[in-house]
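1. Fold the following and give me the result.
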Amino acid sequence: TAGQAVTDADVLAELQGAVDAANATVSQAEQIRRFAVLDAEFTVESGHLTPTLKLKRAAVVADHAEALEGLYAKR
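-> Model (predicted):
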């Protein structure tokens, strides 16, 4: 489930590998510096997707504001 993926070391390592591979193809300014795995699935029923499966950004930002703030906070 999505909740288990948040802390699964194998999932996080696989995601980091994909991020590293993507970062190797772009300039430093375009690179992904931080990412987060959310414990929720984006579905039409949850209000995060339209019936045509487009992302409803406002709903995602509203529901996951704390995680987004963590990504953009200075460290």
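2. roughly how far apart are residue 71 and residue 42?
-> 17 Å (Cβ to Cβ, to the nearest Å). Where you see a C-beta, it was placed from the backbone N, CA and C, and this is true even at glycine.
3. Contacts only, for residue 15.
-> 35, 37 (Cβ atoms under 8 Å, 6 or more residues apart in numbering).
4. Quickly find the element holding it.
-> Using DSSP states H and E, residue 15 falls within helix 9-23.
5. ok, and what's touching the helix or strand following that helix?
-> Once helix 9-23 ends, the next helix or strand along the chain (criterion: DSSP H and E) is helix 57-63. Where contact means Cβ under 8 Å, 6+ apart, the residues beyond helix 57-63 that reach it are 40, 42, 47, 48, 68.
6. picking up where we left off before, settle it for me: which of residue 71 and residue 42 has more neighbours?
-> The neighbour count for residue 71 versus residue 42, taken as other Cβ atoms under 10 Å, is higher for residue 42 (17 against 11).
7. List the contacts of that one.
-> 48, 49, 55, 60.
8. distance of the last one from residue 36?
-> When distance is defined by Cβ to Cβ, residue 60 is 12 Å away from residue 36.
9. of those two, who's got more company?
-> More crowded of residue 60 and residue 36, by other Cβ under 10 Å: residue 60, with 19 against 13.
10. Can you give me the domain boundaries for the protein?
-> Annotated domains of the chain cover 1-35, 40-74 [the TED database].
11. can you list those domains in TSV and add mean pLDDT?
-> Shown next, in TSV, are the domains of the chain (pLDDT from 0 to 100):
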stretch	mean pLDDT
domain 1-35	92
domain 40-74	94
